[in-house]
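Enquirer: this one's structure only:
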Ligand code: NI
Ligand code: MN
């Protein structure tokens, strides 16, 4: 059974009972953080891009736990700089897949700035515990989302809905349709006033216009991904 635990903003943990995969661990300075950075346990850390609200505590958590960072090489370089040592890491780039002990990770396009010179923002399709989970990272709506949903049948899509920096409600509803996702979990909203959103409205809009069920998960809550 694959479990999703939301730690606030765009940070979450996937746990299949054996492996723990953390994503975008922005906890220090995150007003919605549901866990302290020195409490997180994980084996892998996916980092979508180097903006502070995604890279966050990745270097410190990797250093403490020995977890492997999965990111583009420029982000890994920044993490090593922050940690003052060479961290365990697996470098990838857009379009690439890799098999890891928990399953498989594919790095996907995201339409967003990178936060690090020479870098690029990305998303991930994580194959774990018998599920395909797409984490969009920060992104605008882009038409190639159709290709992401065509290549991998998506059980869950984790989509930013906050607007201003990423897709807002309407674009994120269209994203759910283009991805043909069975389930959607909204992220990246209500952390600050500038990205406050009516998440119930997002749920109504998306469920009325797609096949997806929208699961509203509050920081600190865990959802079994069925
Ligand atoms: Ni960003
Ligand atoms: Mn962001």
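Expert: Thanks, I have it. These numbers were taken from a predicted model, which means no experiment stands behind them. Ligands and ions are numbered 1, 2, ... in the order given.

Enquirer: look up which residues are beta-bridged to the most centrally placed residue in the chain.
Expert: Using C-alpha atoms, centre = their mean, the residue of the chain that lies closest to the mean C-alpha position is residue 135, 4.1 Å off. Beta-bridge pairing for residue 135 (DSSP bridges): residue 124, residue 158.

Enquirer: in which helix or strand does residue 87 reside?
Expert: Assignment of secondary structure by DSSP states H and E places residue 87 within no helix or strand.

Enquirer: isn't it up against residue 76?
Expert: Yes - the pair residue 87 / residue 76 is scored as a contact, 7.5 Å apart, by C-beta atoms under 8 Å. All C-beta spots, glycine's among them, are computed from the backbone N, C-alpha and C.

Enquirer: the more surrounded of these two?
Expert: residue 76 (25 against 20; other C-beta atoms under 10 Å).

Enquirer: grab the nearest non-local neighbour of the more buried one.
Expert: Leaving aside its chain neighbours, residue 76 sits nearest to residue 89 (4.4 Å; criterion: C-beta to C-beta, 6 or more residues apart in numbering).

Enquirer: returning to what we had before: next, show the common contact partners of residue 87 and residue 76.
Expert: residue 69 (C-beta atoms under 8 Å, 6 or more residues apart in numbering).

Enquirer: how far away is the nearest residue to residue 172 once chain neighbours are set aside from ligand 2?
Expert: Nearest non-adjacent residue to residue 172, counting by C-beta to C-beta, 6+ apart: residue 161, 4.4 Å away. Distance, residue 161 to ligand 2, using C-beta to the ion, to the nearest Å: 12 Å.

Enquirer: just residue 98 next, same as before
Expert: On the measure of C-beta to the ion, residue 98 and ligand 2 end up 24 Å apart.

Enquirer: for burial, what's the neighbour tally of residue 190?
Expert: Counted with other C-beta under 10 Å, residue 190 comes out at 19.

Enquirer: now for it: which residues touch it?
Expert: Counting by C-beta under 8 Å, 6+ apart, residue 190 touches 32, 162, 196, 197, 199.

Enquirer: go again with 7 Å.
Expert: By C-beta atoms under 7 Å, 6 or more residues apart in numbering, the contact list for residue 190 reads 196, 197.

Enquirer: Three-state assignment for it, please.
Expert: Here residue 190 is recorded as coil under DSSP: H, G, I helix; E, B strand; the rest coil.

Enquirer: burial measure for the residue nearest to residue 76, as a count.
Expert: 20.

Enquirer: isn't residue 188 right next to residue 162, touching?
Expert: Yes - under the criterion of C-beta atoms under 7 Å, residue 188 makes contact with residue 162 at 4.6 Å.

Enquirer: and the strands in the protein?
Expert: 2-8, 11-15, 20-23, 44-46, 68-71, 89-91, 97-100, 103-109, 122-128, 131-135, 156-160, 183-187, 213-214, 222-225 (DSSP state E).

Enquirer: switch those strands over to JSON lines; also include mean pLDDT and distance to residue 175.
Expert: Listed next are those as JSON lines, based on pLDDT from 0 to 100; distance: least, C-beta to C-beta, whole Å:
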{"stretch": "strand 2-8", "mean pLDDT": "98", "distance to residue 175": "18"}
{"stretch": "strand 11-15", "mean pLDDT": "98", "distance to residue 175": "18"}
{"stretch": "strand 20-23", "mean pLDDT": "98", "distance to residue 175": "18"}
{"stretch": "strand 44-46", "mean pLDDT": "98", "distance to residue 175": "19"}
{"stretch": "strand 68-71", "mean pLDDT": "98", "distance to residue 175": "22"}
{"stretch": "strand 89-91", "mean pLDDT": "98", "distance to residue 175": "27"}
{"stretch": "strand 97-100", "mean pLDDT": "98", "distance to residue 175": "21"}
{"stretch": "strand 103-109", "mean pLDDT": "98", "distance to residue 175": "12"}
{"stretch": "strand 122-128", "mean pLDDT": "98", "distance to residue 175": "11"}
{"stretch": "strand 131-135", "mean pLDDT": "98", "distance to residue 175": "10"}
{"stretch": "strand 156-160", "mean pLDDT": "98", "distance to residue 175": "6"}
{"stretch": "strand 183-187", "mean pLDDT": "98", "distance to residue 175": "9"}
{"stretch": "strand 213-214", "mean pLDDT": "98", "distance to residue 175": "12"}
{"stretch": "strand 222-225", "mean pLDDT": "98", "distance to residue 175": "19"}
